[in-house]
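Participant: Quick one, fold the following:
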Amino acid sequence: MVGRFKSGLLVVGAVALAAAGAETLARSTAPPGAVAYTADGRAMLPANYRDWVFLTSGLDMTYAEPAAVVTSHMFDNVFVDPAALATFRRSGRWPEGTVLVKEAREGLTKGSINKAGQFQSEAVADVELHVKDTRRFGGWAFFKIVDGKPGAIIPKTASCYSCHDEHGAVDSTFVQFYPTLAGIARARGTLK
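Facilitator: As a prediction, this is how the structure comes out:
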């Protein structure tokens, strides 16, 4: 009886391992930065983007004239999927399928032992995706994610497209603000 019980456990264990292996293989063969879309074309926020490579953080950055009095502060954090970054490091260019995630968090001054300076709030105030998918969008597309819900594409007439095209240092992206990548692009001759 004990022998049959042990062999039964071995079979159950082998089936569980095979299922786990198949699930791991399915995850590993999917492009790491791939964005999933709803049936109506809304982009879903990649669940694990906070595990991606952190590129930079900006404080109170704006591309318009700032208000005379700043009443609140905002940090922008930019993440990129690891596969796209590996290609960028080799070539100085973003590959097809690149996903950049920009999250905004409020800058706080009062908390714990802090006496000066700012730190980021726990709550995410805003999230935007910058996706390179030439087949689907003819190049890069922007999406705004609100409350973690899938976001519609920002219309191509929005100023973010022309601003990125005009001022983006590499392939309509603001690599000039990514301190670990600007030198790579410069060395590869891709920095505008």
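Participant: residue boundaries of the strands in this protein?
Facilitator: Assigned by DSSP state E, the strands in the chain fall at 53-59, 73-80, 99-108, 119-133, 139-145.
Participant: can these go into a markdown table with extra columns for mean neighbour count and distance to Glu166?
Facilitator: For every residue, glycine as well, the C-beta is placed using N, CA and C. Converted to a markdown table, these look like this (neighbours: other Cβ atoms under 10 Å; distance: least, Cβ to Cβ, whole Å):
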| stretch | mean neighbour count | distance to Glu166 |
| --- | --- | --- |
| strand 53-59 | 15 | 19 |
| strand 73-80 | 20 | 19 |
| strand 99-108 | 20 | 18 |
| strand 119-133 | 17 | 15 |
| strand 139-145 | 19 | 13 |
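Participant: which residues of this protein fall in helices?
Facilitator: Using DSSP state H, the helices of the chain run over 2-29, 82-91, 134-137, 159-167, 179-188.
Participant: residue contacts, the residue lying closest to Thr87 once chain neighbours are set aside?
Facilitator: In this structure, Thr87 finds its nearest non-sequential neighbour in Pro95, 4.2 Å apart by Cβ to Cβ, 6 or more residues apart in numbering. Shown in contact with Pro95 (Cβ atoms under 8 Å, 6 or more residues apart in numbering): Ala83, Ala84, Thr87, Phe88, Lys132.
Participant: what bits of the chain have low per-residue confidence?
Facilitator: Along the chain, the parts satisfying pLDDT under 70 run over 1-33, 67-70.
Participant: returning to what we had before: out of the strands of the chain, flag the one nearest Leu191.
Facilitator: When the strands of the chain are compared by Cβ to Cβ, strand 53-59 sits nearest Leu191, at 15.1 Å.
Participant: Centroid-nearest residue for the chain?
Facilitator: Centroid-nearest residue in the chain, with Cα atoms, centre = their mean: Val101, separated by 2.6 Å.
Participant: what sits up against stretch 42-62?
Facilitator: Here stretch 42-62 makes contact (Cβ under 8 Å, 6+ apart) with 32-33, 35-38, 66, 70, 73-82, 85, 99-101, 107, 118, 127, 129, 131, 143, 145, 148, 150-153, 177-181.
Participant: can I get the CA coordinates of that stretch in CSV?
Facilitator: C-alpha atoms of stretch 42-62 as CSV (Å, rounded to 0.1, in the frame of the first residue of the first chain):
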residue,chain,number,x,y,z
ARG,A,42,-7.2,49.6,-25.4
ALA,A,43,-3.7,48.9,-24.0
MET,A,44,-3.4,47.1,-20.7
LEU,A,45,-0.8,48.2,-18.2
PRO,A,46,1.9,45.4,-18.0
ALA,A,47,1.4,43.9,-14.5
ASN,A,48,5.1,43.6,-13.8
TYR,A,49,6.4,46.9,-15.2
ARG,A,50,7.8,47.8,-11.7
ASP,A,51,10.2,44.8,-12.1
TRP,A,52,11.5,46.2,-15.4
VAL,A,53,14.6,48.4,-15.7
PHE,A,54,14.3,51.8,-14.1
LEU,A,55,15.6,54.5,-16.5
THR,A,56,15.1,57.8,-14.8
SER,A,57,13.1,60.0,-12.5
GLY,A,58,12.3,63.6,-13.2
LEU,A,59,10.9,66.1,-10.7
ASP,A,60,8.4,68.8,-11.9
MET,A,61,9.4,68.4,-15.5
THR,A,62,7.2,70.3,-18.0
